[in-house]
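Asks: Requesting a structural model of the entry that follows:
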Amino acid sequence: METSRRTRAASASLALTLAALTALTAAPTAGAATALPGVTPRAETPVLYDDEAGGNADADDPAIWRDPAAPERSLVIATAKEGGLRVYDLDAREVQSVPAPASPGPGDAPGRFNNVDLVHGIGLGSGRADVAVTSDRGTDRLRIYRVDRDRPGGPLTDVTDPAAPRVFSASQDEVNEQRTAYGLATWKDRATGRSYAVVSRRERTALALLELTAGPGGTVGYRKVRTLDLPAAFRLPDGTSWSPCAEPGEGPQVEGMVVDPASGTLFAGQEDVGIWRLRADLTGTPRLQEKVREYGVPGTYDEQTEECVPGADPGYGGTRLSADVEGLTLLTERDGDGHLLASSQGDDTFAAFDREASDGHEYEGGFRVTAAPGGPDGSEECDGAAVLNAPLGRKYPHGLLVVQDGHATPEDGERGATGFKFVDLRDVLDALDP
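Replies: Sure thing, here's the model as predicted:
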């Protein structure tokens, strides 16, 4: 989420979390956040600063690209909002910075890259290549970059079809309102081989399914297949209706998303509500799989403080996630098992759920990313996360987890400082199965 909304939401989320956790304090559960093990990062990226001096760069969402010929030369591709994209090697050193598009005109919003995901083996002209797809909230479009590890000047090349349409907005005036492309997850239909992106809309509950298509001259475009709206209001067990507290005019948006390619299942994190499970082609009926603790807690928006004042917790929420739910990523295992990992932003933890629907996507443990003694600090208010269970050379022979850190150090006064932490996947697996 953007820094300004994060600042407002942090106070509101804290107040709601305290109200929702009152009962948990009196009677701790097996999933209490304080009991979770910690894992420490092996590396961290240079700090990004969200101000004019720092290039308005705000870390948000990573993706891990594996070099099949030389896994130790794999890359992490990450969004930096108005700062565009950053590409890092496995030492967390920056190897390329890709700027976001400039404003199309006076008073118009500039490009702002929110989420990023990968598509492998997509058709480009006469051949195939891996591409990074990012949601550009500033222009309400997707941008697509070819990944070529040995290209002079950097591994990413913009191959977006110039005719790529806006995702949700009908005009530039609507784009400037910034209810635009936000969260993103890509997937490939195993039956047809076609590649897709599911995109969410900022401050709304809408999801759009876009098919990626070949454009002229080796470019990639997309066409809208269908849309789906998740609920904005919810019927509680006592018969009342509840909607998450927010600034007037804002709906409960989705950001973190991931698709399980084996089942064609989309997991979508509605930030103040919980995790939905639905078909990735946006057909069928969505199911709210896991609620945040604050689910059902009433709140009143105070315009003077720009905060939500919580009421009494009726006890209808979950026990594993504290709003916002963010950073969904799929940890697949070689035997077909695996975990859905989710960032529980409200209490700085990560929750793991069983990948298989037949097991009810049961909770399987959690962990924190904590500071390494004499090394990188941990992760707080994590927005985005990506995991890859595959060998990546000597540094990460068991795989890698990359998480965003919403409060990177060293901080510099009032400057918003963010970055990414690299965690050995073996440490994560050990924490989940001690």
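
Asks: quick one: contacts for the spatially closest residue to residue 399 that is not a sequence neighbour?
Replies: Nearest residue to residue 399 in three dimensions, chain neighbours excluded: residue 425, at 3.5 Å (C-beta to C-beta, 6 or more residues apart in numbering). Yep, even glycine has a C-beta here, placed from its N, CA and C like the rest. The contact partners of residue 425, by C-beta atoms under 8 Å, 6 or more residues apart in numbering, come to 331, 387-389, 396, 398-401.

Asks: Hmm, residue 48 is touching residue 405, no?
Replies: No - look at residue 48 against residue 405 with C-beta atoms under 8 Å: they stay out of range, at 9.9 Å.

Asks: shared neighbours, these two?
Replies: The contact sets of residue 48 and residue 405 overlap at 59, 418-419 (C-beta under 8 Å, 6+ apart).

Asks: would you list those in CSV and tack on secondary structure and distance to residue 52?
Replies: Shown next, in CSV, are the shared contacts of residue 48 and residue 405 (DSSP: H, G, I helix; E, B strand; the rest coil; distance: C-beta to C-beta, whole Å):
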residue, secondary structure, distance to residue 52
59, coil, 17
418, strand, 16
419, strand, 19
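
Asks: ok, so of those residues, who is nearest residue 93?
Replies: Comparing the shared contacts of residue 48 and residue 405 against residue 93 with C-beta to C-beta places residue 419 closest, at 12.5 Å.

Asks: and the closest one, how many neighbours?
Replies: 26 (other C-beta atoms under 10 Å).

Asks: Chain neighbours aside, what residue packs nearest to it?
Replies: Nearest non-adjacent residue to residue 419 (C-beta to C-beta, 6+ apart): residue 408, at 3.8 Å.

Asks: so what's the one you found up against?
Replies: Contacts of residue 408 (C-beta under 8 Å, 6+ apart): 44, 47-48, 59, 377, 417-419.

Asks: Same question for residue 212.
Replies: 119, 122, 133, 144, 186, 194-197, 220-222.

Asks: So which of those is surrounded by the most neighbours?
Replies: residue 186 (28 neighbours).

Asks: got the contact list for that one?
Replies: Going by C-beta under 8 Å, 6+ apart, residue 186 touches 117-119, 133, 195-198, 212, 259.

Asks: of those residues, closest to residue 240?
Replies: Nearest to residue 240 among these, with distances taken as C-beta to C-beta, is residue 198, at 31.4 Å.

Asks: Name the nearest residue to that closest one, ignoring sequence neighbours.
Replies: The nearest residue in space to residue 198 (C-beta to C-beta, 6+ apart) is residue 185, at 5.0 Å.

Asks: Could you check the pLDDT of that neighbour?
Replies: Here, the pLDDT recorded for residue 185 equals 98.

Asks: just checking, it touches residue 195?
Replies: No - between residue 185 and residue 195 there is no contact under C-beta under 8 Å: 11.8 Å.

Asks: Not counting sequence-adjacent ones, nearest residue to residue 385?
Replies: Excluding the flanking residues, the one nearest residue 385 by C-beta to C-beta, 6+ apart is residue 327, at 3.6 Å.

Asks: One more: residue 118?
Replies: Leaving aside its sequence neighbours, residue 118 sits nearest to residue 63 (C-beta to C-beta, 6+ apart; 5.1 Å).

Asks: which residues touch the one you found?
Replies: Shown in contact with residue 63 (C-beta under 8 Å, 6+ apart): 76-78, 116-118, 132, 386.

Asks: next helix or strand past the helix or strand harbouring it?
Replies: Assessed by DSSP states H and E, residue 63 sits inside strand 62-65. The helix or strand immediately downstream of strand 62-65 is strand 75-79, counting by DSSP H and E.

Asks: in that next one, what's buried?
Replies: For strand 75-79, the neighbour count (16 or more other C-beta atoms under 10 Å) marks 75-79 as buried.

Asks: One more: stretch 182-201?
Replies: 182-188, 195-201.

Asks: Would you mind giving both backbone torsions of the nearest residue to residue 98 once chain neighbours are set aside?
Replies: Leaving aside its chain neighbours, residue 98 sits nearest to residue 85 (4.0 Å; criterion: C-beta to C-beta, 6+ apart). Dihedral angles of residue 85 (phi, psi; degrees, to the nearest 10) stand at phi -110, psi 150.

Asks: Residue 197 versus residue 85, what's the distance?
Replies: 16 Å (C-beta to C-beta, to the nearest Å).

Asks: Kindly report the same for residue 373.
Replies: 41 Å.

Asks: Name the helix or strand of this protein that has the lowest mean pLDDT.
Replies: Ranked by mean pLDDT, DSSP states H and E, the helix or strand of the chain with the weakest confidence is helix 22-26, at a mean of 37.

Asks: need the next SSE after that one, C-terminal direction.
Replies: Remark: after helix 22-26, the chain's next helix or strand is strand 38-39, criterion DSSP H and E.

Asks: And the next helix or strand past that following strand?
Replies: strand 43-44.

Asks: how far does stretch 389-405 stretch from start to finish?
Replies: 21 Å (C-alpha to C-alpha, to the nearest Å).

Asks: Buried residues in it, which are they?
Replies: 389-392, 395-396, 399-405.

Asks: List the ones among those residues that fall in strands.
Replies: With strands taken from DSSP state E, the overlap with the buried residues of stretch 389-405 comprises 400-405.

Asks: Going by neighbour count, which of the contacts of residue 408 are buried?
Replies: 44, 47-48, 59, 377, 417-419.

Asks: got these as JSON lines, with pLDDT and distance to residue 178 columns?
Replies: Output for the buried ones among the contacts of residue 408, formatted as JSON lines (pLDDT from 0 to 100; distance: C-beta to C-beta, whole Å):
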{"residue": "44", "pLDDT": "97", "distance to residue 178": "30"}
{"residue": "47", "pLDDT": "96", "distance to residue 178": "26"}
{"residue": "48", "pLDDT": "96", "distance to residue 178": "21"}
{"residue": "59", "pLDDT": "98", "distance to residue 178": "19"}
{"residue": "377", "pLDDT": "94", "distance to residue 178": "31"}
{"residue": "417", "pLDDT": "93", "distance to residue 178": "23"}
{"residue": "418", "pLDDT": "96", "distance to residue 178": "20"}
{"residue": "419", "pLDDT": "97", "distance to residue 178": "24"}
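
Asks: Perfect, that will be all.
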